[in-house]
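Novice: for reference, the sequence and a predicted model appear below.
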Amino acid sequence: MKAKPIFNFILLSMLALAYTSCNDEIDNTLRFADTASIVDNTIDVCYPNSDPEGRAGAITIIGGDGDYSVYCDNPSVLEVDKKFPNAFVLHPKGWGNATVIVIDGTKKSILLNVRVKQQEQKIVVNGLGVKIIEPDNQPLSDEVKEAIRLKALEFIPVKKVGGGYHLVWDDKTNYKEGTLIVYPEEYGKEEGQQTGTFSFNPFEQGDDLDTYQFKYTFKAEEVEHIFFMDEDRSPLSRTSVMTPIPWLEDISEHFQKDYPGIKVYTQQIW
């Protein structure tokens with residue numbers, strides 16, 4: 001009668017051991033750590049980028065025997081730096097495709113397909129408006145403020161909601177500027193589009209975070225615009241719903257003759 005409980009205990013122990021062994025085999029498979037950036041062992045990175053050392057992210061290796069070697073088949077497009085025992089850093093060098101091969105000490109291998117794409121940014125404007133700060137001791141009537149608002153809107157390159165900008169980093173050696181396409185009425189519509197240049201001032205080592213202000217400088221049709229982020233993010237109107245990325249341009253100088261001391265900003269929401 002006592003043999004049956006002992007037999008059951010041995011059977012359960014064997015099953016537990018087998019289950020643990022199976023899990024160990026699964027967990028030890030050579031692979032890359034789960035990340036949203038890698039899909040079907042393929043990752044997209046952009047070039048150029050703002051990292052001072054040109055890094056486009058690190059990839060962690062798990063499984064295998066831990067003795068990893070890392071190679072790249074196209075160093076003119078991508079270089080890899082095995083900076084850590086179980087991870088390597090991607091350094092894009094040009095546009096195109098490359099394959100990273102990881103081999104462990106048992107000669108098991110895994111591939112990572114890397115597509116190095118041209119850095120670009122697509123911006124669709126969802127709201128247009130004007131911010132007016134009246135001069136001290138000189139309140140303006142609603143009629144005057146409406147006239148100022150209409151005149152101010154004329155300074156915005158995008159004329160309608162749904163228009164926008166396409167920024168292309170087409171110089172491999174310079175991540176601070178590139179080619180600009182302005183779509184005044186409808187993003188992607190070639191009719192009426194304007195071509196120019198853009199530049200921006202990235203936060204760099206040594207900059208004072210308290211005084212730093214991110215700015216975009218756009219130049220198209222020989223007209224220069226300097227946009228900066230709206231710090232207080234006040235709405236265009238009491239009923240408007242704004243996305244959290246408003247651009248402002250200070251155009252106060254165009255109104256000083258008639259309204260000394262006035263501050264006028266155009267707003268673009270995207």
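Specialist: Sure thing, it's come through.
Novice: ok, so what distance separates Pro135 from Leu150?
Specialist: To Leu150, Pro135 is 19 Å away according to CB to CB, to the nearest Å. (Glycine included, C-beta is placed from N, CA and C.)
Novice: so which of those two has more stuff around it?
Specialist: Pro135 (14 against 10; other CB atoms under 10 Å).
Novice: could you give the bridge partners of the residue nearest to the spatial centre of the chain?
Specialist: By CA atoms, centre = their mean, the chain has its centre lying nearest to Gln121, at 8.0 Å. Taking DSSP bridges as the rule, Gln121 bridges to Leu167.
Novice: now do Ile43
Specialist: Val114.
Novice: check contacts around it.
Specialist: Each residue near Ile43 by CB atoms under 8 Å, 6 or more residues apart in numbering is listed here: 37, 57, 59, 90, 112-115.
Novice: once you drop chain neighbours, what's closest to Ser76?
Specialist: In space, and not counting its chain neighbours, Ser76 is closest to Gly94: 5.7 Å by CB to CB, 6 or more residues apart in numbering.
Novice: next one: the one you found from Trp169, what distance?
Specialist: Taken as CB to CB, the span from Gly94 to Trp169 is 13 Å.
Novice: cool, and His254?
Specialist: On the measure of CB to CB, His254 and Trp169 end up 32 Å apart.
Novice: equivalent analysis for Ile101, please.
Specialist: In terms of CB to CB, Ile101 sits 29 Å off from Trp169.
Novice: of the two, give the one with the bigger neighbour count.
Specialist: Trp169 (21 against 14).
Novice: ok, that one to Val158 distance?
Specialist: 21 Å.
Novice: low-confidence ranges in the stretch 101-250 of the chain?
Specialist: By pLDDT under 70, the weakly predicted segments of the stretch 101-250 of the chain are 204-205, 231-244.
Novice: which parts of it are helices?
Specialist: Under the criterion DSSP state H, counting those that start in this stretch, the stretch 101-250 of the chain contains helices at 142-153.
Novice: ok, which stretches of it are strands?
Specialist: 109-118, 120-124, 127-133, 164-168, 177-183, 194-200, 215-220, 223-229, 246-250 (DSSP state E, counting those that start in this stretch).
Novice: relative to strand 246-250, how tilted is the helix or strand following the last one?
Specialist: Meaning strand 246-250. Tracing the chain past strand 246-250, the next element assigned as helix or strand by DSSP states H and E is strand 263-269. Angle of strand 263-269 versus strand 246-250, following axes from the mean of the first three to the mean of the last three CA atoms, to 10 degrees, is 150 degrees.
Novice: would you give the sheet partners of strand 263-269, along with the direction of each?
Specialist: Short version: by DSSP bridges, strand 263-269 pairs with strand 127-133 (antiparallel), strand 246-250 (antiparallel).
Novice: hmm, who's touching the shortest one?
Specialist: Contacts made with strand 246-250 from outside it, assessed by CB under 8 Å, 6+ apart, are listed as 131, 155-156, 216, 225-230, 233, 263-270.
Novice: so what's the residue count around His91?
Specialist: Neighbours around His91, by other CB under 10 Å: 18.
Novice: ok, now Thr217?
Specialist: 16.
Novice: that older thread, just the buried ones out of the contacts of strand 246-250, please.
Specialist: 131, 156, 216, 225, 227-228, 230, 264-270 (16 or more other CB atoms under 10 Å).
Novice: select, from those, the two members most distant in space.
Specialist: Val264 and Trp270 (20.4 Å; CB to CB).
Novice: just to revisit the earlier point, now render the strands of the stretch 101-250 of the chain as TSV, adding distance to Asp44.
Specialist: Below are the strands of the stretch 101-250 of the chain laid out as TSV (distance: least, CB to CB, whole Å):
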stretch	distance to Asp44
strand 109-118	5
strand 120-124	12
strand 127-133	30
strand 164-168	16
strand 177-183	19
strand 194-200	22
strand 215-220	24
strand 223-229	27
strand 246-250	27
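Novice: what about those strands, which gets the closest to Leu209?
Specialist: Nearest to Leu209, of the strands of the stretch 101-250 of the chain and by CB to CB, is strand 223-229 at 13.9 Å.
Novice: which one is Leu140 nearest to, not counting chain neighbours?
Specialist: Closest to Leu140 by CB to CB, 6+ apart is Glu134, at 5.3 Å.
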